[in-house]
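In: I'd like to go over a predicted model; first the sequence, then the structure.
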Amino acid sequence: MSKETKKRPCPTCMGTGVIPGVCETSGEWQAKTPDGQICTPDANCPTCKGKGYVED
Ligand SMILES: [Zn+2]
């Protein structure tokens, strides 16, 4: 019996391997940024570590 590892698309990043940055607007940031918007940069998915798939 050979054991096969199944790869499936990562549910966290939907198979892209990247968590896209999110921009948020908040009044409390308006003094810090010109448009009151804070954006997080794109980041490698922590679940699949940027591979885009996970193995069972
Ligand atoms: Zn992922």
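Out: Perfect, I can see it now.
In: so which helix or strand of this protein has the lowest pLDDT on average?
Out: Least confident helix or strand of the chain, by mean pLDDT, DSSP states H and E, is strand 37-39 with a mean of 88.
In: that strand - contacts with which helices or strands?
Out: Identification of packing neighbours for strand 37-39 by 3 or more CB pairs under 8 Å, 6 or more residues apart in numbering; DSSP states H and E yields strand 23-25. Just so you know, the C-beta spots here come from the backbone N, C-alpha and C atoms, and that holds for glycine as well.
In: point to the residue nearest the middle of this structure.
Out: Centroid check for the chain by CA atoms, centre = their mean gives I19 as the closest residue, at 1.6 Å.
In: my read is that that residue contacts C45, right?
Out: Yes: at 5.3 Å, I19 and C45 qualify as touching, with contact defined as CB atoms under 8 Å.
In: what residues are shared contacts of those two?
Out: Common contacts of I19 and C45, defined by CB atoms under 8 Å, 6 or more residues apart in numbering, comprise 12-13.
In: the ion contacts on the protein?
Out: Applying CB under 5 Å from the ion, we find that the chain lies next to the ion at 10, 12-13, 45, 47-48.
In: narrow those to those that are buried.
Out: 10, 13, 45, 48 (16 or more other CB atoms under 10 Å).
In: grab the nearest non-local neighbour of the third one.
Out: On the basis of CB to CB, 6 or more residues apart in numbering, the spatially nearest residue to C45 that is not a chain neighbour turns out to be C13, at 3.9 Å.
In: T47 now?
Out: Among residues not flanking T47 along the chain, T12 sits closest, at 3.9 Å (CB to CB, 6+ apart).
In: show me how far the least confident helix or strand of the chain is from its chain's centre.
Out: 16 Å (CA atoms, centre = their mean, to the nearest Å).
In: residues contacting it, please?
Out: 21-26, 29, 32.
In: tell me the buried residues in it?
Out: Buried-residue list, strand 37-39, by 16+ other CB under 10 Å: empty.
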